[in-house]
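In: sequence and predicted structure are below.
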Amino acid sequence: MNIDKIRSAFAKHFDGATGAVYASPGRINLIGEHTDYNGGFVFPGAIDKAMAAEIKPNGTNTIHAYALDLEADNYAAFGLEEADVPKQQWARYIFGVCREIIKRGGEIGGFDTVFSGDVPLGAGMSSSAALESTFAFALNDIFSLGIDKFELAKIGQATEHNYCGVKCGIMDQFASIFGKAGSLILLDCRSLEYKYFPFNPEGYKLVLLNTAVKHELADGEYNKRRASCERAAAAIRVNHPEVEFLRDATAEMLEEVKAGIGEEDYLRAKYVIEEVQRVMDVCQALEKGDYETVGERMYGTHHGMSKLYEVSCEELDFLNDVARKCGVTGSRVMGGGFGGCTINLVKEEKYNDFIEEAFTAFKSKFGREPLLYDVVISDGARKLD
């Protein structure tokens, strides 16, 4: 995150003016994928890679925004009315946050902004949630709106739903707003109850390997899986009215309706029910400092996402296999899937050999090297000095 670069560009584009700078991080998720919109549990943490924006009210009803990380079509100007939706996809994240604040009664005006970040795009670290959270947190502060942090996360989620075409759960925005250095967050996605778990595993490193396969969740695959889960939950609810989400269902309940819901919906639901249990297993393991069990559950998640939920890809499966062969404690696809990163829990003494083997084998197979990110668990949305 190059704050000097942002400040320099802001001064250049806005006649030497200066604004306030805000940042909000991307996130990792130790375990619990595709459970959030199923009312389940997730285990994210904010990371030391973030989106940052300089922002200054301009006394009009128009927003002027520059996306520094784009080479083309990196400027947008748009109003605050529903009909003013910008044509650029990236600008819709900012527009959507503004509209969701206004829908909630928040009074905001136009502003000038320049933003940039070092959250890798399409890598499963939620660059979009980081962008939404940056602007939600900033506008709440700048215009003294008094919106609480829970609602700020919901504003980001609603932006995805209503302006970006992705029916995401709450996890990404929650982690970006509520992140805390040195801690992961166990989040109940139905009640929004949460608990911080210290995460400083001595003798281990947390490392991401990016396949550089870009995933585009808004292409409908994400929404198809969500629909599958909702159909399965509805079928189970006929016999078990207490089942609001798949989070409430058991494997036995799913078996009762297997014949009536189709193989694809069955497999999607089976994955989710098993993943909810894996999150609970990891909670218990972390409280005991049992990182071997944490790692095995991570491998279980990868298998489920690859074979049951079918959101992996050849490159992700390959890196997961390399991790197994190298004795890595835990490894799995992280994020929505279809590309992006594996997250790996690696003993320090195995780290160098694993990275060397992963790079060599991946390049031999796919003609390029993966990208490496060592991860530090960091703080959430904030104003920078």
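Out: Looks like it arrived, so ask away. Numbering: from 1, shown residues only.

In: list the buried ones in stretch 281-296?
Out: By 16 or more other CB atoms under 10 Å, the buried positions in stretch 281-296 come out as 281-283, 285-286, 291, 293-296. Heads up, the C-betas are built off the backbone N, CA and C, glycines and all.

In: pLDDT value on residue 107, please?
Out: Residue 107 carries a pLDDT value of 98.

In: same check, this time on residue 219
Out: 60.

In: pretty sure residue 245 contacts residue 188?
Out: No - the criterion here is CB atoms under 8 Å, and residue 245 misses it with residue 188 at 11.2 Å.

In: what about the two, which has more around it?
Out: residue 245 (20 against 15; other CB atoms under 10 Å).

In: which residues in this protein form strands?
Out: Listed in chain order, the strands found in the chain under DSSP state E are 20-29, 41-42, 44-57, 62-67, 75-79, 111-117, 183-188, 194-198, 204-210, 330-334, 341-347, 371-374, 382-384.

In: output the ones you listed in JSON lines; the columns should cover distance to residue 304.
Out: As requested, the strands of the chain are exported to JSON lines (distance: least, CB to CB, whole Å):
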{"stretch": "strand 20-29", "distance to residue 304": "14"}
{"stretch": "strand 41-42", "distance to residue 304": "15"}
{"stretch": "strand 44-57", "distance to residue 304": "18"}
{"stretch": "strand 62-67", "distance to residue 304": "36"}
{"stretch": "strand 75-79", "distance to residue 304": "40"}
{"stretch": "strand 111-117", "distance to residue 304": "31"}
{"stretch": "strand 183-188", "distance to residue 304": "19"}
{"stretch": "strand 194-198", "distance to residue 304": "22"}
{"stretch": "strand 204-210", "distance to residue 304": "19"}
{"stretch": "strand 330-334", "distance to residue 304": "9"}
{"stretch": "strand 341-347", "distance to residue 304": "14"}
{"stretch": "strand 371-374", "distance to residue 304": "24"}
{"stretch": "strand 382-384", "distance to residue 304": "35"}
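
In: nearest to residue 264, of those?
Out: strand 330-334 (19.2 Å; CB to CB).

In: which strands or helices does that closest one pack on?
Out: Using 3 or more CB pairs under 8 Å, 6 or more residues apart in numbering; DSSP states H and E, the elements in contact with strand 330-334 are helix 291-307, helix 314-325, strand 341-347.

In: can you give me the angle the shortest one makes with helix 314-325?
Out: Here the directions of strand 341-347 and helix 314-325 differ by 10 degrees (axes from the mean of the first three to the mean of the last three CA atoms, to 10 degrees).

In: and strand 341-347, how far out from the chain middle?
Out: Per CA atoms, centre = their mean, to the nearest Å, the displacement of strand 341-347 from the mean C-alpha position of its chain is 17 Å.

In: pLDDT weak spots in the stretch 51-200 of the chain?
Out: Scanning the stretch 51-200 of the chain for pLDDT under 70 picks out the ranges 122.
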